[in-house]
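J.: Sequence plus predicted model, see below.
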Amino acid sequence: MADLEGLKVAKNYHIDEPFANQNGFYVKGANSLDWGMKKHLSNIFNPKSGNTVMFAFDHGYFMGSTAGLERLDLLLPKLAPYVDVFMGTRGAIRTCVAPEISKGIALRVSSGSSMLQDDLSHEVVAVDIEESIRMNADAMAVQTFIGADGQLSSIENLSKVINAGFRYSIPTLGVVAVGKQMERTDRFFKLATRIVAEMGVQMVKTYDCENFEEIVAACPVPIVVAGGKKLPEREAMFLAYDVMRKGAKGVDMGRNIFQSTHPVEMAMTINKIVHEGFTDEQAWEFFQDMINQ
Ligand code: R5P
């Protein structure tokens, strides 16, 4: 452990310079991975745009039945044409995602808390690697609680999943957790995203914050941004546009899609921002056209 006395503040992010070790494969930080990992990553990040729209519907793993997700069997097929990846629990995916839908699968593999508890930071690896292989998962998602009570066990969970993922060439998605007691500053997200990346994940899910470009620059794997709490549609579009222009490689959006009064049109619009570079204004116009048809 380095001596922490007199630490200098990190500031040389060179945010205008592209990631330097990028020859060969289009996904950031994936050059040295083998074919199987790259194949899974290609199922997640569209080879043409390099970006991804993940639809997060894993809320049930700690929230139970969630507003907007009551009938996954009805919702998921409608959203499928507009998202690249379904991110959910094995229970939801097995029962409600038809196997013939050719979408990437991000399988939530950590679990162990519920919204009835104050401290959600204690989890276990609930889905083993054989199950991820059986489900043909393109990524295994692990919640990581940096700075919380459960940090050590969540790092242990993350390490186990990453190690198993390397054995069978399945990427790991490290999910940076935020909680009631946890700060949401750029200082926190810089620390958390970088720790998670250095553990060996192939992509990180985190939140928007100040100086987001620096978080992206300092993270050697792609960042996808969580939507977070439900916002008015136009604000959610701005969030997606803003993080994309600052270097995110996609969104992993839940409530801002499934709690919209127009979830399908919202998914279509987010797709335009992520894959076609729509600005928030273009997106809003597109959305209005779609819902008024
Ligand atoms: C993180 O804890 C889980 O993956 C959530 O289910 C996901 O972040 C929720 O997405 P959103 O915040 O966009 O509803």
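T.: Alright, I've got the coordinates.
J.: Now for Leu79: which residues touch it?
T.: Phe55, Ile257, Pro263, Val264, Ala267 (C-beta atoms under 8 Å, 6 or more residues apart in numbering). Any C-beta I mention is one placed from the backbone N, CA and C, and that applies to glycine too.
J.: Let's see that with 6 Å instead.
T.: Applying C-beta atoms under 6 Å, 6 or more residues apart in numbering to Leu79 gives the contacts Phe55, Ala267.
J.: The helix or strand hosting it: what's the following helix or strand?
T.: Element membership of Leu79 [criterion: DSSP states H and E] is helix 72-79. Later in the chain than helix 72-79, the nearest helix or strand by DSSP H and E is strand 85-88.
J.: now for that following strand, which elements pack on it?
T.: strand 52-56, strand 104-108 (3 or more C-beta pairs under 6 Å, 6 or more residues apart in numbering; DSSP states H and E).
J.: what does the model give the residue in the stretch 1-150 of the chain positioned nearest to the ligand for pLDDT?
T.: Proximity of the stretch 1-150 of the chain to the ligand (C-beta to the nearest ligand atom) peaks at Ala56, 3.8 Å away. In the prediction, the pLDDT value recorded for Ala56 is 98.
J.: ok, now Met182?
T.: pLDDT at Met182 comes out at 66.
J.: can you tell me which residues contact the nearest residue to Lys28 once chain neighbours are set aside?
T.: Distances taken as C-beta to C-beta, 6 or more residues apart in numbering place Pro222 nearest to Lys28, at 4.8 Å, with adjacent residues excluded. When contacts are counted by C-beta under 6 Å, 6+ apart, Pro222 touches Lys28, Met203, Lys249.
J.: same question, Leu72
T.: Ala92, Cys96.
J.: Phe62 touches Ser111, doesn't it?
T.: No: if you go by C-beta atoms under 6 Å, Phe62 and Ser111 don't touch, sitting 7.5 Å apart.
J.: before we move on, back to that, pipe the helices and strands packed on strand 85-88 into CSV and attach mean neighbour count per row.
T.: Putting the helices and strands packed on strand 85-88 into CSV (neighbours: other C-beta atoms under 10 Å) gives the following:
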stretch, mean neighbour count
strand 52-56, 27
strand 104-108, 26
